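Q: Below are the sequence and a predicted model; questions follow.
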Amino acid sequence: MKHIFAVIFALILFGSCESDSGSFKGTRFNLSVQDTSLHNLDGRLLIMLSTNPDEEPRFEIRDDASTQQIFGMDLEGWEPAAGIDFDVTSFGYPIMSMNDVPEGDYYVQALFHQYETFERGDGHTVKLPMDRGEGQQWNRAPGNRYSTPQLVAFNPHKKSKTIKIELDQIIPPIEEPNDSKYIKHVKVQSKLLSDFWGRPMYLGAHVLLPEGYDEHPNVKYPLAIMQGHFPRDFGGFRPDPPDPDLEPDYSTRFKVEGYNRIVQEEAHRFYKLWTGPNFPRVLAI
């Protein structure tokens, strides 16, 4: 089942799939970005419909039964200030056709997932969304434009006026993590990757130093490497004690109440073990 959801997400977010919308007569959307400096954009334009007022629709697209509705269409050479009518035949998830979305009031939000053009070293030219430090999360990717959610009456079968949506927000850059006594951050340019992708490409690492590292500059340490999936920082290591005022939350993934407290407690426990007298001294990356 997870593989099916992965395919559907790929179609919605990164590719196109023709949907049979029949004779769509209902609510339509016109999208624009009022920034005259933007020209000739490539990417994926997304429309989300949500019945939940407690969270932005862009954070409510999931691979389970709690997901809200999303549609996506490809754009090449878009002039966003001129505006564009959203393609009502676009493929959707979990409901595939806009014709089949139930009539009702929805919080509507749009997002443009911007692509870059790569002149690759193998002679191919491709347009893809470059990771910008967020770990390939389209709803959090810095530079992506999105709209302020608005409540609209949606009816797929009754003729109504077109709703104009301005993508008036932009996701800000992600701040680089700061170095500390124990954790350092390095980034090096990869010649092989840069040559292949036709642009500078970097490899990054978060390094956890052993206790006494500064006092013993000539010591050679064993190296432990874990290949992470876009970790923002070295996780699970917390010199500060757990926050006594932290409001416990519920983890839907692990079905545990107060999971955030458990994370802080275990991270602090690991810090005490790591810096203790009997823990092996290694470099962890």
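A: Cool, got the structure.

Q: For the stretch 51-200 of the chain, which segments are assigned as helices?
A: Per DSSP state H, counting those that start in this stretch, the stretch 51-200 of the chain carries helices over the ranges 191-197.

Q: Show me where it has its strands.
A: Remark: strands assigned in the stretch 51-200 of the chain by DSSP state E, counting those that start in this stretch are 69-78, 84-85, 92-93, 104-114, 116-119, 125-128, 145-146, 150-154, 162-166, 169-170, 183-189.

Q: how close does the spatially most distant residue from the centre of the chain get to residue 275?
A: Taking C-alpha atoms, centre = their mean, the residue of the chain most remote from its mean C-alpha position is residue 218, at 41.5 Å. Going from residue 218 to residue 275 by C-beta to C-beta, to the nearest Å gives 21 Å. Where C-beta positions appear, they are placed from N, C-alpha and C, glycine not excepted.

Q: Same check on residue 80?
A: Counting by C-beta to C-beta, the gap from residue 80 to residue 275 is 52 Å.

Q: more crowded one of those two?
A: Counted by other C-beta atoms under 10 Å, residue 80 and residue 275 do not tie: residue 80 has more neighbours, with 22 against 14.

Q: Quick check: nearest residue in space to the more buried one, chain neighbours excluded?
A: residue 33 (3.7 Å; C-beta to C-beta, 6 or more residues apart in numbering).

Q: Distance from the longest helix along the chain to the middle of the chain?
A: The longest helix of the chain (DSSP state H) is helix 259-274. Per C-alpha atoms, centre = their mean, to the nearest Å, the displacement of helix 259-274 from the mean C-alpha position of its chain is 26 Å.

Q: Quick check: mean pLDDT of it?
A: Across helix 259-274, the average pLDDT comes to 97.
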